[in-house]
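Student: Structure here, sequence nowhere to be found:
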RNA sequence: GGCCCGUUCGUCUAGUGGUUAGGACGUCAGGUUUUCAUCCUGAAAACAGGGGUUCGAUUCCCCUACGGGCUGCCA
């Protein structure tokens, strides 16, 4: 039987970095086994539904190059579509089918109608807690005669449907990552599967859909491990073969709690907007909880797919090391193909002005200093407009006298003014020539190069004077040097 | 509280019944250099604790501690 896995986010907001990791592992697994990747939207909770969230989820997945073969997707026009033989994949549209399944469970004596209102349940909980007992539903509606229940339902009385779990014994969840996990039935509350609004809860909906869609492997977050017995109960009641389960470790905040908003950005959209490359983000997130070898950090999407093994996924949660993400993103920027790099950076530089030749030179100049694309203005702002507010006190090198500074700058300006054009065409040529010139004059590098560099950049810390000369060109360079000389008056 | 899961440098991780416990980010120190970034070299830094099993445990078992998840008519 071929592998079929699903990503099943609920449309309650943006694609979360934790969901991304789950989606990624599903994708890796599907591709590794030449299986099918399905996107199903779990939107049965109308109270938490957020308009546009499904579209946003699809866009983020697409931006990350996670492309489902089947299920909900978004077309070029931005409209939601459903593809595949098991539609609908928008779970709320399957509610009628879920209700049918629930009725079958009732008929089999595996579920029952419950009329206890939220207020009654609340009171029950409070009393139990006061008595020092574990809060749980006492199952009183299980005792109702089926005919009475049916009559009350027909009369329009508000109700839910609950699973009737065994009161004793245990159930074993076989987990691909954690091994066998045993739960006692008496620990579980009779789970609501159909809410009073007629919609199914996750437990019923996901289980039935997974079955109906022939899902072979359920790869999901660890938070689902404790409710897996409920799902197994449904599989068993219907005589269905359960899929293989794999519960992924959680992604954590720096304080080790389950990753959440509040402690920094967690949406994929935010990371992308900040200028992290999808490839770098993917690489980074993929290595949270799993690693192909341990002695290598940079992998392509394809390499990750072919190396992925569910059994090698870690058991413990992982804190996001955002500094490492920064490093990785910078690494991608530095090592990628130059044309691809320019395609990425040039659009950012165009916003700052200048002509294309200047933009290209700046792009190469800032390459080793760039962490995120959104940093472009910060590291390149001063190359596009004349310097303002140059602080003369930072121009001298290590206690150099103003007169000496002026002498050196003026000499450099004169030398540069007379340099033939071909020398301005490369950083190396400029460096070679200037250094030779300094040697010829029997000067030290420091007293010439430091003032020259500050004059050109306006900053204490900057690229080398040669890089600056090359990028700025003769005209702008001479103007900046003159401005620096003048500022020393 | 109950149930369940987990625990290797600060963080992400590799790893094995016998290793100098490896790599990466970050940190620190050098080198290159007029400064910064890049680049190169090096350093500090971990098997939660206690019992077993064993000739030998970081590795297998138990207990404790700590952390987390679940305990909803949320997913």
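Tutor: That came through fine. As the structure is a prediction and not an experimental result, all values here were calculated from the model.
Student: Give me the domain ranges for chain A.
Tutor: A:4-89+A:251-319, A:92-248, A:336-381, A:392-487 (automatic domain parsing).
Student: Redo these as TSV? Include mean pLDDT and distance to residue A:327.
Tutor: To be clear about C-beta, it is placed using only N, CA and C from the backbone, and glycine gets the same treatment. Listed next are the domains of chain A as TSV, based on pLDDT from 0 to 100; distance: least, C-beta to C-beta, whole Å:
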stretch	mean pLDDT	distance to residue A:327
domain A:4-89+A:251-319	95	9
domain A:92-248	95	24
domain A:336-381	94	8
domain A:392-487	94	20
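Student: partners of the nearest residue to residue A:106 once chain neighbours are set aside in the sheet?
Tutor: Leaving aside its chain neighbours, residue A:106 sits nearest to residue A:112 (6.4 Å; criterion: C-beta to C-beta, 6 or more residues apart in numbering). Counting by DSSP bridges, residue A:112 forms beta bridges with residue A:162.
Student: so what's residue A:112 up against?
Tutor: Taking C-beta atoms under 8 Å, 6 or more residues apart in numbering, we find residue A:112 in contact with A:106, A:141, A:142, A:144, A:149, A:161, A:162, A:164, A:190.
Student: Those residues also near RNA strand B: which ones?
Tutor: Restricting those to those near RNA strand B by C-beta under 7 Å from any atom of the strand leaves nothing, as none qualifies.
Student: End to end on stretch A:157-169, go ahead and measure it.
Tutor: Between the opening and closing residues of stretch A:157-169 there is a gap of 34 Å (C-alpha to C-alpha, to the nearest Å).
Student: and what of stretch A:417-428?
Tutor: 18 Å.
Student: before we move on, the earlier item: restricted to strands, list the contacts of residue A:112.
Tutor: A:161, A:162 (DSSP state E).
Student: Emit the ChimeraX select command for whichever of the contacts of residue A:112 are buried.
Tutor: In ChimeraX, this line selects whichever of these come out buried by 16 or more other C-beta atoms under 10 Å:
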select /A:106,141,149,161,162,164,190
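Student: so which helix or strand takes in whichever residue of chain A sits closest to RNA strand B?
Tutor: At 2.4 Å from RNA strand B, residue A:294 is the closest residue in chain A, using C-beta to the nearest atom of the strand. When elements are assigned from DSSP states H and E, residue A:294 belongs to no helix and no strand.
Student: In a markdown table: the domains of chain A, plus distance to residue A:325.
Tutor: Converted to a markdown table, the domains of chain A look like this (distance: least, C-beta to C-beta, whole Å):
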| stretch | distance to residue A:325 |
| --- | --- |
| domain A:4-89+A:251-319 | 5 |
| domain A:92-248 | 19 |
| domain A:336-381 | 9 |
| domain A:392-487 | 24 |
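Student: With respect to residue A:328, which of the ones you listed lies nearest?
Tutor: domain A:4-89+A:251-319 (5.0 Å; C-beta to C-beta).
Student: what about stretch A:51-71, near RNA strand B?
Tutor: No: Stretch A:51-71 is not in contact with RNA strand B by C-beta under 7 Å from any atom of the strand; minimum separation 11.6 Å.
Student: An error on my part: the question was meant for stretch A:357-364.
Tutor: No: against RNA strand B, stretch A:357-364 shows no contacts by C-beta under 7 Å from any atom of the strand, the least distance being 11.2 Å.
Student: Okay, buried residues for that stretch please.
Tutor: A:358, A:359, A:360, A:361, A:362, A:363, A:364.
Student: so where do the helices sit in the stretch 301-450 of chain A?
Tutor: For the stretch 301-450 of chain A, the helices defined by DSSP state H, counting those that start in this stretch cover A:301-307, A:322-335, A:338-350, A:356-365, A:376-380, A:402-417, A:427-440, A:445-457.
Student: now, of those helices, which is deepest in the fold?
Tutor: Among the helices of the stretch 301-450 of chain A, helix A:445-457 has the highest mean neighbour count (mean count of other C-beta atoms under 10 Å), at a mean of 22.
Student: Give me the distance between it and the centre of its chain.
Tutor: 43 Å (C-alpha atoms, centre = their mean, to the nearest Å).
Student: And stretch A:435-448, by the same measure?
Tutor: Using C-alpha atoms, centre = their mean, the offset of stretch A:435-448 from its chain centre is 51 Å.
Student: who's in contact with that stretch?
Tutor: Contacts of stretch A:435-448 (C-beta under 8 Å, 6+ apart): A:397, A:398, A:400, A:404, A:405, A:408, A:411, A:412, A:415, A:449.
Student: From the contact counts, what lies against the top helix by length along chain A?
Tutor: Determined from DSSP state H, the single longest helix within chain A is helix A:465-487. On a contact count with 3 or more C-beta pairs under 8 Å, 6 or more residues apart in numbering; DSSP states H and E, helix A:465-487 meets helix A:356-365, helix A:402-417, helix A:427-440, helix A:445-457.
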